[in-house]
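Asks: Need coordinates for the below:
(one chain, ligands or ions: 1)
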Amino acid sequence: MSRTYEVRTYGCQMNVHDSERLAGLLEDAGYSRVPAGEAPDVVVFNTCAVRENADNRLYGNLGHVASVKAAKPGMQIAVGGCLAQKDRAEIVRKAPYVDVVFGTHNVGSLPVLLERARVEQEAQVEILEALDVFPSTLPARRESAYAAWVAIAVGCNNTCTFCIVPALRGKEKDRRPGDILREIETLVADGVLEITLLGQNVNSYGVEFGDKLAFGKLLRACGDVEGLERVRFTSPHPASFTDDVIAAMAETHNVMPQLHMPLQSGSDEVLRRMRRSYRAERYLGIIERVRAAMPDAAITTDIIVGFPGETEADFAATLDVVREARFASAFTFQYSKRPGTPAADYPDQVPPQVVTERYGRLVALLEEISWDEAKKQVGREVEVLVATGEGKKDAVTRRLSGRARDNRLVHFVPNPDAPEPRPGDIVTTTITYAAPHHLVADGPASVPRRTRGGDAWEAAQARPAETTRAVSLGMPSLGAPA
Ligand code: SF4
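Replies: Down below sits the predicted model:
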């Protein structure tokens with residue numbers, strides 16, 4: 001019997017993808033995913049340092065697992081991710097039952113560290129300060145059969161004063177374009193239809209190997225991958241957004257009409273204090289050019305309310321940009337101190353009640369705009385990539401759910417005269433109703449187009465979890481085909 005594992009993930013998409021790698025590494029080392037309801041032999045916490053009190057929550061969760069470990073001889077606990085990078089040996093001091101602490105730059109060491117901890121019967125702490133080369137060859141265990149994340153860079157060369165990423169993930173490391181494309185081709189051969197290129201600042205991609213146009217070129221190269229139907233990316237930084245990327249988006253058939261571009265604040269003064277080097281006018285200019293090139297693009301953003309020193313006039317400037325930009329949706333955050341960031345020590349913190357009040361006004365405005373924008377979709381025919389787990393009420397409403405090309409969530413009624421579409425299949429349907437955060441299509445959808453993504457999803461259902469194959473990053477996987 002192989003040893004079983006469970007990975008618990010906190011935080012951002014980068015961590016979600018790192019967890020796929022951790023799972024892939026463990027499976028390559030002979031571990032298998034723990035069956036539901038059983039206690040695993042290894043629990044890995046992939047932590048996040050972004051939220052306030054993240055450490056308190058981690059120690060609470062660790063304490064809970066420690067009691068399971070006490071009753072299960074041989075069980076091991078590993079802690080990785082940003083909080084591990086930040087707190088290091090402190091973790092073993094506070095939680096002596098932890099067996100392994102590893103950082104964001106040495107994810108690949110986990111199986112060896114677990115083995116060493118077992119043999120030496122002693123906690124192993126290994127944190128590297130920087131990444132030497134992009135870890136292209138780490139295996140990954142993908143969570144979806146038809147959609148995948150593809151990391152193109154890690155780390156960030158910017159120094160936004162609210163962000164812990166530069167301190168914990170280090171300088172930007174770019175992955176070689178050939179490695180990225182090989183990984184994408186391998187994924188597509190496995191049935192993946194949609195990829196999301198992932199980096200802290202995707203459009204500075206190439207800075208490390210001296211090609212400022214590398215990101216646009218990468219998008220265009222994705223257009224040549226046969227069978228790849230949808231390409232998305234997250235997140236671009238407005239300061240390094242260049243027009244060649246807009247042209248590449250508009251001219252590459254499988255790059256989706258969608259842009260998620262963090263605004264953070266509409267006030268130039270706040271942007272300056274955040275050390276984000278663009279201004280509101282530049283941000284709006286990019287949106288204008290994106291819309292000119294792709295009139296149907298859905299634009300989404302991130303906004304922080306109540307950054308230290310934010311005045312009512314600064315906040316009003318954010319509302320102005322929101323009105324002008326007409327976002328399809330936004331992730332909104334009330335500023336909270338993130339330990340280790342410069343802004344946490346700024347003296348002019350905004351009182352919490354002021355932050356909450358502004359936040360309420362911002363969310364109300366965003367809802368109104370998102371809803372207006374969504375209503376424009378009514379009557380339009382959309383292509384939906386059917387998804388798993390997107391529609392919480394699907395069982396009751398007898399609808400299925402998926403994402404349109406612009407990434408809007410669509411709940412639709414399947415065609416009663418055709419086989420039910422599988423996750424990964426594609427239907428077209430006409431929008432009949434719009435809500436601020438989703439669309440409904442109540443006329444019957446088209447006969448589904450059965451795709452390789454749907455085949456891959458179906459094949460994955462038939463495989464027991466323990467034998468799910470790892471997919472290599474950048475290299476064809478070895479072993480028997482699925
Ligand atoms: S661009 Fe700014 S917010 Fe984004 S990762 Fe870099 S430092 Fe953080």
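
Asks: Would you mind giving both backbone torsions of residue 296?
Replies: phi -100, psi 10 (degrees, to the nearest 10).

Asks: Run a quick check on it versus residue 259, I expect a contact.
Replies: No: using CB atoms under 8 Å, residue 296 is not in contact with residue 259; the gap is 11.5 Å. (Each C-beta comes from the backbone N, C-alpha and C, glycine too.)

Asks: neighbour count winner among the two?
Replies: residue 259 (27 against 13; other CB atoms under 10 Å).

Asks: how about the helices in the stretch 251-400 of the chain?
Replies: For the stretch 251-400 of the chain, applying DSSP state H, counting those that start in this stretch gives helices covering 268-273, 280-293, 312-325, 352-375, 394-397.

Asks: Looking at these, spot the one closest to the ligand.
Replies: Nearest to the ligand, of all the helices of the stretch 251-400 of the chain, is helix 268-273, at 11.2 Å by CB to the nearest ligand atom.

Asks: average model confidence for the closest one?
Replies: Averaged across helix 268-273, the pLDDT comes to 98.

Asks: is it up against the ligand anywhere?
Replies: No: with CB under 6 Å from any ligand atom as the measure, helix 268-273 is seen stopping short of the ligand, the closest distance being 11.2 Å.

Asks: Pull out the buried residues from that helix.
Replies: 268, 270-271, 273 (16 or more other CB atoms under 10 Å).

Asks: Where does the prediction get shaky in the stretch 251-400 of the chain?
Replies: Low-confidence segments of the stretch 251-400 of the chain, defined by pLDDT under 70, are absent.

Asks: repeat for the stretch 101-250 of the chain
Replies: 131-141.

Asks: Which stretches in it count as strands?
Replies: 124-126, 139-140, 147-151, 153-154, 173-174, 194-198, 230-234 (DSSP state E, counting those that start in this stretch).

Asks: returning to what we had before: with distance to residue 446 as added columns, please give the buried residues of helix 268-273 in JSON lines.
Replies: Output for the buried residues of helix 268-273, formatted as JSON lines (distance: CB to CB, whole Å):
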{"residue": "268", "distance to residue 446": "48"}
{"residue": "270", "distance to residue 446": "47"}
{"residue": "271", "distance to residue 446": "45"}
{"residue": "273", "distance to residue 446": "51"}
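
Asks: pretty sure residue 17 is in contact with residue 198, am I right?
Replies: Yes: with contacts defined as CB under 8 Å, residue 17 counts as touching residue 198 at a distance of 6.0 Å.

Asks: one step back: to residue 45, which of the helices of the stretch 251-400 of the chain lies closest?
Replies: When the helices of the stretch 251-400 of the chain are compared by CB to CB, helix 352-375 sits nearest residue 45, at 29.0 Å.

Asks: what does the closest one rub up against?
Replies: 298, 303, 305-306, 310, 315, 318-319, 322-323, 326-330, 332, 334-335, 408, 434-439 (CB atoms under 8 Å, 6 or more residues apart in numbering).

Asks: Quick check: nearest residue in space to residue 331, chain neighbours excluded?
Replies: In space, and not counting its chain neighbours, residue 331 is closest to residue 302: 4.7 Å by CB to CB, 6 or more residues apart in numbering.

Asks: Select only the buried ones of the contacts of helix 352-375 in ChimeraX?
Replies: Only the buried entries of the contacts of helix 352-375 go into this ChimeraX selection, using 16+ other CB under 10 Å:
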select :298,303,305,306,310,315,318,322,327,328,329,330,335,408,434,436,439
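
Asks: Residues of this protein that sit close to the ligand?
Replies: Residues of the chain found near the ligand (CB under 6 Å from any ligand atom) are 156, 158-160, 163, 165-166, 200-201, 237.

Asks: Now, of the residues you listed, which are buried?
Replies: The neighbour-count criterion (16+ other CB under 10 Å) marks 156, 158, 160, 163, 165-166, 200-201, 237 among the residues of the chain next to the ligand as buried.

Asks: Any chance of a markdown table for these, columns distance to residue 79?
Replies: Shown next, in a markdown table, are these (distance: CB to CB, whole Å):
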| residue | distance to residue 79 |
| --- | --- |
| 156 | 23 |
| 158 | 27 |
| 160 | 26 |
| 163 | 22 |
| 165 | 19 |
| 166 | 22 |
| 200 | 22 |
| 201 | 27 |
| 237 | 30 |
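
Asks: From these, which land in helices?
Replies: Cross-referencing those against helices under DSSP state H gives 165-166.
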